[in-house]
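> A predicted structure for the sequence below; I have some questions about it.
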Amino acid sequence: MSDEQRKPADLTDLLEDLAGQEGAIKDLIGQFNLDAPRYLQHLRQAAGEGDGRGVEQAAHRLKSLLGIFQAMPAYELAESLEECGRRNTWGEVSFLVAEFSAELDRVRDYLDQF
């Protein structure tokens, strides 16, 4: 299945873990919608400044948020960015940030449907 066909997130486990607690899931989504743009801004800033540690930290935070919703396409991109930051490798960071940003939009649109 191509990335475009993959669902941006899978709430199956979360729905099972929080069965009957729709309010809790909506709260998690609300917190995601507050935190993700802020961490994305940190990621962009760190990437623009060539701050490997900053890229690593912002990507790690985003990865943690995405894991809650099993948002694997975005999670995998965040993981790649985290590794680029850790290794201070900049060849594909700009491309990955752009791709990650688009995928994060897909996740947010998907979660907004809940």
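Looks like it came in fine.

> which residues touch the nearest residue to residue 87 once chain neighbours are set aside?
With sequence-adjacent residues excluded and distances taken as CB to CB, 6 or more residues apart in numbering, residue 87 is closest to residue 52, at 7.6 Å. Any C-beta I mention is one placed from the backbone N, CA and C, and that applies to glycine too. Applying CB atoms under 8 Å, 6 or more residues apart in numbering to residue 52 gives the contacts 46, 84-88.

> count of neighbours near residue 105?
14 (other CB atoms under 10 Å).

> hmm, who's touching the one helix or strand it maps to?
In this structure, residue 105 sits in helix 93-112 according to DSSP states H and E. If you take CB under 8 Å, 6+ apart as the criterion, helix 93-112 is touched by 7-9, 29, 32-33, 36, 40, 43-44, 47, 55, 62, 66, 69, 71, 73-74, 77-78, 80-81, 84.

> ok, now with 6 Å
8-9, 29, 47, 71, 73-74, 77, 80-81, 84 (CB atoms under 6 Å, 6 or more residues apart in numbering).
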